[in-house]
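Asks: sharing a model prediction with you, sequence too.
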Number of protein chains: 6
Amino acid sequence: MSPSAPKVYVSRKFHFSASHRVYNPSWSDEKNAEVFGPCSNPTGHGHNYELEVIVAGTPHPETGYVIDIAYLRRLIEERIISQLDHRHLNTDVAFLAGRIPSSENLIVAIWEQIQPLLPEGVTLVELRLWETPRNCFIYHGQKA
Amino acid sequence: MSPSAPKVYVSRKFHFSASHRVYNPSWSDEKNAEVFGPCSNPTGHGHNYELEVIVAGTPHPETGYVIDIAYLRRLIEERIISQLDHRHLNTDVAFLAGRIPSSENLIVAIWEQIQPLLPEGVTLVELRLWETPRNCFIYHGQKA
Amino acid sequence: MSPSAPKVYVSRKFHFSASHRVYNPSWSDEKNAEVFGPCSNPTGHGHNYELEVIVAGTPHPETGYVIDIAYLRRLIEERIISQLDHRHLNTDVAFLAGRIPSSENLIVAIWEQIQPLLPEGVTLVELRLWETPRNCFIYHGQKA
Amino acid sequence: MSPSAPKVYVSRKFHFSASHRVYNPSWSDEKNAEVFGPCSNPTGHGHNYELEVIVAGTPHPETGYVIDIAYLRRLIEERIISQLDHRHLNTDVAFLAGRIPSSENLIVAIWEQIQPLLPEGVTLVELRLWETPRNCFIYHGQKA
Amino acid sequence: MSPSAPKVYVSRKFHFSASHRVYNPSWSDEKNAEVFGPCSNPTGHGHNYELEVIVAGTPHPETGYVIDIAYLRRLIEERIISQLDHRHLNTDVAFLAGRIPSSENLIVAIWEQIQPLLPEGVTLVELRLWETPRNCFIYHGQKA
Amino acid sequence: MSPSAPKVYVSRKFHFSASHRVYNPSWSDEKNAEVFGPCSNPTGHGHNYELEVIVAGTPHPETGYVIDIAYLRRLIEERIISQLDHRHLNTDVAFLAGRIPSSENLIVAIWEQIQPLLPEGVTLVELRLWETPRNCFIYHGQKA
């Protein structure tokens, strides 16, 4: 990147509907109910999740694009959202196996899935995951 | 109501998170998958539902209120939302027993629950139920 | 209107910030507190109100417009919103004098103000007034 | 429909981005500028339109559905939205030829396109078209 | 925190309705009107404020939670929102005494109230305060 | 700024409707269509853009304001939005001449226009530009 090339962030929002049960399988149902309350209801419950993916890069001089946002959209829908939409997060998603599907753990796992997919010159800088319109989780990856 | 008493509609929005599986128990899993697609995934999926309750009446001359909206809020939260929030609609909700939990059937069942609760002089006129921000279901009850 | 002229509804949303105290001046402070709760706090409280004005008419064959929405916007802002924005509804608004400023009474009073302002061929059909994003009041005027 | 079959409304929102110029080709540029103001700028301008399609019917006893909303979505996207998205409404849309592309004329034209597409037992009852988040147009079709 | 423990941000939105008058008590009414315009109207005006509270921490390995968001919600509602909702910010809120209730001063004062309440391992990193849907104030605290 | 003066961010959202065609004039129409797809449709298309302007500073002790937000609003509307609203970005906007009007290039150009306008003590820290409700572009300027 030349010293004068501007760094621009590009953000796209995605949507998926899923169910989950927040519980720790090494605990009793009683302890799960005590710690997690209604979120640990054995039959589960669900959300319409919104996922915002923010990447950064320099606009290409010939296109004015950091990344073709239509390409970014297809990439994330085909590789990530298709694994989550209309699924049960405790049982149906390979990349969540063995993790308590809290939104904290979910956002870290989604980061690990998206990061290796991005083309050269485009960096994943932030994920935002809304569990409800009022509850949001934010992740910037791990600092080296 | 005197001929000149204005009729005003009062609306309040509620929120609940639930999971469901849209399927017909008298069909095979194959036929359910064919008709309902991913909505019939056996482990279910979930939504953040928004429910708008619209009632009508005449403002009381001493209060200017059709109904105390704080009262309406508590009534619907305690009697209706508490039965739906963080639940699985196929198994956990008494008033949905024996019904396929499509949003069409859910909105009709919620109407039947709310209507008898309202105080005299206040009429239930419309329910709106958002399954996602882009899918909404509307019901006005049955005409006599 | 010819039998085949389509009737189209045109809606515009407006915004104003105001304060009010819901109370009945013929009652004691105690009775006001008992009936209206925190809405009757003597120092008042406030809201960002949203007002949706819906009018109906037939698109003019030479313009395709029921009404020039820029004209409707200026008309409502200059004649109505300017009287309400950054005001105290109990004391500062001439057309509310003597009325308890519940949203029910406010929406009826706004209707009375807007209706005579509209040009011929354009009918006021609905007002929607949001007191908060979750509380809305709707009025269609009085049937003859 | 049996007397006791409930009538439920199903609504789905669609999105398209388009440009238009509001002008009357039988007028001079000066008269267009005078009547339509900046909306008649010769190089045009654009909007992110939101279109809400509301249909009505009776839930089918075997599915609980008035209409499969995934089917409704594909139908409207393939037959209507594909003709409007990323287009210039004055020149690129066959079903708008010869009409001033005001939102009033656009909503009536969209109604005429959607109505014949719907399956038996499902009735188009309302369209809502947002030109901006604050300007909306509503149409219920023509009464016989 | 181990070098590999991910840092996740958890955000929750709150709502309160309040009134205020922006004015400097050491100035004349004329100077207040000149500087603050309609915001200094002596009878005050009001807003529906939205407050977003963003905290950071490491998900606990046994729960997957940075903080139980239901606990965070109760804590902020009971200790902060209850002091602000349905109040007049100039006269009714102890922690604002002696401050001009601009949103800038309000957000700094709310930060000072929330920071000491948070449990160990959970850090307050950002507040966002919307005065209207289009005006927002953001604060990250003071750097040491 | 004294060491203890708090730094507060003030954000205001603006709206404009514009059309554009994303294409590289040094390429053939075929290559433009191949690279940009429907965004390069020769007749153009349009959007309702939302622009969020975020500035930072220290609240003035006599007013409690970082900047009078009504002043900021007029400044940006008169100097920036008036050049963009109801315009074609490829042909009508002087400060975009010679640039491909991708949102990446647009946000950098808007930054260059706003930065010199701000009063002393107020710093431009972030722009957010929504092309649609789901696509957003973010810029923080160039680091020295």
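Replies: Cool, the structure landed.
Asks: buried sites along the lowest-mean-pLDDT helix or strand in chain A?
Replies: Lowest on mean pLDDT, DSSP states H and E among the helices and strands of chain A sits helix A:29-36, with a mean of 92. Along helix A:29-36, these residues count as buried under the neighbour rule (16 or more other Cβ atoms under 10 Å in any protein chain shown): A:Asn32, A:Ala33, A:Val35, A:Phe36. To be clear about C-beta, it is placed using only N, CA and C from the backbone, and glycine gets the same treatment.
Asks: need those in TSV (columns: distance to chain E).
Replies: Listed next are the buried residues of helix A:29-36 as TSV, based on distance: Cβ to the nearest Cβ, whole Å:
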residue	distance to chain E
A:Asn32	10
A:Ala33	13
A:Val35	6
A:Phe36	7
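Asks: now do the residue in chain A that chain F sits nearest to: how many residues are near it, please.
Replies: Closest residue of chain A to chain F, Cβ to the nearest Cβ: A:Gly64 (3.2 Å). Applying other Cβ atoms under 10 Å in any protein chain shown, we find 21 residues neighbouring A:Gly64.
Asks: next, the contact list for it, please.
Replies: Shown in contact with A:Gly64 (Cβ atoms under 8 Å, 6 or more residues apart in numbering or on different chains): F:Val22, F:Arg99, F:Ile100, F:Pro101, F:Ser102, F:Glu104, F:Asn105.
Asks: circling back: quick one: which of the buried residues of helix A:29-36 is nearest to chain C?
Replies: Of the buried residues of helix A:29-36, the one sitting nearest to chain C (Cβ to the nearest Cβ) turns out to be A:Phe36, at 26.8 Å.
Asks: wait, the closest one touches E:Thr63, no?
Replies: Yes. If you go by Cβ atoms under 8 Å, A:Phe36 and E:Thr63 touch, sitting 7.5 Å apart.
Asks: relative to chain B, how far out is the residue of chain A found nearest chain C?
Replies: Taking Cβ to the nearest Cβ, chain C has its nearest neighbour within chain A at A:Pro133, 9.8 Å off. Distance, A:Pro133 to chain B, by Cβ to the nearest Cβ, to the nearest Å: 7 Å.
Asks: what's the helix or strand for A:Leu72?
Replies: Here A:Leu72, judged by DSSP states H and E, is contained in helix A:69-76.
Asks: how about low-confidence regions in chain A?
Replies: A:1-4, A:144 (pLDDT under 70).
Asks: tell me which other helices or strands the helix ranked longest in chain A touches.
Replies: If you go by DSSP state H, chain A has its longest helix at helix A:103-114. Taking 3 or more Cβ pairs under 8 Å, 6 or more residues apart in numbering or on different chains; DSSP states H and E as contact, the helices and strands that helix A:103-114 lies on are strand A:123-132, strand A:135-139, strand E:8-20.
Asks: any chance of the contacts of A:Gly64 in JSON lines, with neighbour count too?
Replies: Shown next, in JSON lines, are the contacts of A:Gly64 (neighbours: other Cβ atoms under 10 Å in any protein chain shown):
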{"residue": "F:Val22", "neighbour count": "24"}
{"residue": "F:Arg99", "neighbour count": "17"}
{"residue": "F:Ile100", "neighbour count": "24"}
{"residue": "F:Pro101", "neighbour count": "22"}
{"residue": "F:Ser102", "neighbour count": "25"}
{"residue": "F:Glu104", "neighbour count": "27"}
{"residue": "F:Asn105", "neighbour count": "22"}
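Asks: now the residues you listed in a markdown table, with distance to F:Glu112?
Replies: Output for the contacts of A:Gly64, formatted as a markdown table (distance: Cβ to Cβ, whole Å):
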| residue | distance to F:Glu112 |
| --- | --- |
| F:Val22 | 20 |
| F:Arg99 | 11 |
| F:Ile100 | 16 |
| F:Pro101 | 15 |
| F:Ser102 | 15 |
| F:Glu104 | 13 |
| F:Asn105 | 11 |
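Asks: could you let me know which of those residues ends up closest to chain B?
Replies: F:Val22 (26.2 Å).
Asks: my guess is that closest one contacts F:Gly37, does it?
Replies: No. Using Cβ under 8 Å, F:Val22 makes no contact with F:Gly37, being 9.1 Å away.
Asks: could you find the closest non-adjacent residue to A:Leu84?
Replies: Spatially, and ignoring its direct neighbours in sequence, A:Leu84 is nearest to A:Phe16 (4.6 Å; Cβ to Cβ, 6 or more residues apart in numbering or on different chains).
Asks: quick one: the one you found and A:Asp85, what's the gap?
Replies: 4 Å (Cβ to Cβ, to the nearest Å).
Asks: in terms of neighbours, single out the busier of the two.
Replies: A:Phe16 (20 against 17).
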